[in-house]
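Undergrad: Using only what follows, build the 3D model:
(2 chains)
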There are 2 protein chains.
Amino acid sequence: MQEILRSQIEKIVSLTDDEFEFVMSHFSTRFYKKHQYVVQAGDAAPNDHFVVKGLLRSFYIDDAGKTHILQFAMEDWWISDPDAYHNKLNATLNIDCLEDTQVYYISIDNREKLCVALNKMEYFFRKKTTAGYIALQKRILSLMSQNAEARYIQFIKLYPLLLQRLPKSLIASYLGISRETLSRLTML
Amino acid sequence: MQEILRSQIEKIVSLTDDEFEFVMSHFSTRFYKKHQYVVQAGDAAPNDHFVVKGLLRSFYIDDAGKTHILQFAMEDWWISDPDAYHNKLNATLNIDCLEDTQVYYISIDNREKLCVALNKMEYFFRKKTTAGYIALQKRILSLMSQNAEARYIQFIKLYPLLLQRLPKSLIASYLGISRETLSRLTML
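TA: A predicted model of the protein is given here:
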């Protein structure tokens, strides 16, 4: 199971077996059942989670009680409340499991120790964060400039595997459109 | 003038005079007049820009010809087309100057060289990118969950100095609201 994380890291930097073992010594693993929470708004959120198996989402509940889905994460993706994690704050986001899930998780202190001890991992995390920054900027542009139909078509193109695993109501919430609009679009 | 960049870096890592001189040897400086373009969509966008003096914006023009402002940058901020810069692609964004501007700019190759040569700078860029990631995620949440009034109030709180230097039409474009809505809000 560790091979999935090693393979992601080695797309960016190559590691010896000893180095990979050292990396893994900074992670722990945990299993969750569908519907369980990994992070709850208001609590500490001390870990970043690499998904080994399963499917999760992070979401925000606004003052009016409406749910807004910020991110999904399936195998080979990472998920956290980044502000809470990096700045040691209480969570404003929730993260729960949409399927039975296994994660490798790393605390912020372990992440920083790992970056100091093994420069390759600092490089890896810098590159991953940069890629995440670029993806978020594209999402902002999409929210600002694309209508519901264009956003849905882009979602299908970017995440064909997610489409098969997610109920439509959750895709609608991620795209910021109503369930009715999405139903109309999926009949096109 | 270099002190403004040194001060930003030293909020995250401390540098000796020699180290800072080495850092600066990877940057060049350039002056622009108001209205000049720093990056134009379709061209190469090989540099990241640290603003020494002035005010810029990055924006996207959609297929219908509408302008969407992604970011402003004044003194002590960075601005680039991040996808084009980091992945050596042609720009999809434009960056122009809203005031006479001076920047220090660094090519992606120089940035990577600097990170290899001076690990403190790899740490600095990792931390800055992480902070940028968190800021973008907050903007996505704001676009998804807040109405025009709440977004405007948040903008005033986050960027009081920008408010004084920007025409209202540009603030409206950044917030994704109409000029008429913004005029109504500023009269509240």
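
Undergrad: Make sure A:Gln102 is indeed in a helix.
TA: No: inclusion of A:Gln102 in a helix is not indicated when DSSP: H, G, I helix; E, B strand; the rest coil is applied; the result is strand.

Undergrad: Enumerate every residue touching it.
TA: Taking Cβ atoms under 8 Å, 6 or more residues apart in numbering or on different chains, we find A:Gln102 in contact with A:Met1, A:Thr29, A:Arg30, A:Phe31, A:Tyr32, A:Val51, A:Val52, A:Lys53, A:Gly54. No exception for glycine: its C-beta is placed from N, CA and C like everyone else's.

Undergrad: Model confidence score at it, please.
TA: Each residue has a pLDDT score; the one for A:Gln102 is 98.

Undergrad: Quickly list what it is bridged to.
TA: Applying DSSP bridges to A:Gln102 gives these bridge partners: A:Phe31, A:Lys53.

Undergrad: Could you measure from it over to A:Asp62?
TA: Applying Cβ to Cβ, to the nearest Å, the value for A:Gln102 to A:Asp62 is 31 Å.

Undergrad: coming back round to it: PyMOL command to pick out the buried ones of the contacts of A:Gln102?
TA: With 16 or more other Cβ atoms under 10 Å in any protein chain shown as the burial test, the buried ones among those are selected in PyMOL as follows:
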select buried, chain A and resi 32+51+52+54
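
Undergrad: hang on, isn't A:Leu89 packed against A:Asp83?
TA: Yes: A:Leu89 lies in contact with A:Asp83 (Cβ atoms under 8 Å); the separation is 6.1 Å.

Undergrad: so what are the domain limits for chain A?
TA: Per automatic domain parsing, the structural domains of chain A span A:3-129, A:146-188.

Undergrad: Buried deepest among these, which one?
TA: Scoring the domains of chain A by mean neighbour count under mean count of other Cβ atoms under 10 Å in any protein chain shown gives domain A:3-129 as the most buried, with a mean of 17.

Undergrad: residue boundaries of the strands in chain A?
TA: Taking DSSP state E as the criterion, chain A carries its strands at A:28-32, A:37-39, A:47-53, A:55-61, A:67-74, A:78-79, A:94-97, A:101-107.

Undergrad: Tell me the strands beside the longest one, with direction?
TA: Pointing back at strand A:67-74 there. For strand A:67-74, the paired strands and their directions (DSSP bridges) are strand A:55-61 (antiparallel).

Undergrad: Determine the angle, from 0 to 180 degrees, between the partner strand and strand A:101-107.
TA: Following axes from the mean of the first three to the mean of the last three Cα atoms, to 10 degrees, one obtains 60 degrees for the angle between strand A:55-61 and strand A:101-107.

Undergrad: Just the CA atoms of strand A:55-61, as CSV, please.
TA: Coordinates of the C-alpha atoms in strand A:55-61 are reproduced here as CSV (Å, rounded to 0.1, in the frame of the first residue of the first chain):
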residue,chain,number,x,y,z
LEU,A,55,-13.0,9.0,-1.1
LEU,A,56,-13.4,12.1,1.1
ARG,A,57,-14.6,15.7,0.8
SER,A,58,-13.8,18.9,2.6
PHE,A,59,-16.7,21.4,3.1
TYR,A,60,-17.7,24.6,4.7
ILE,A,61,-21.0,25.3,6.3
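
Undergrad: Done for today, thanks.
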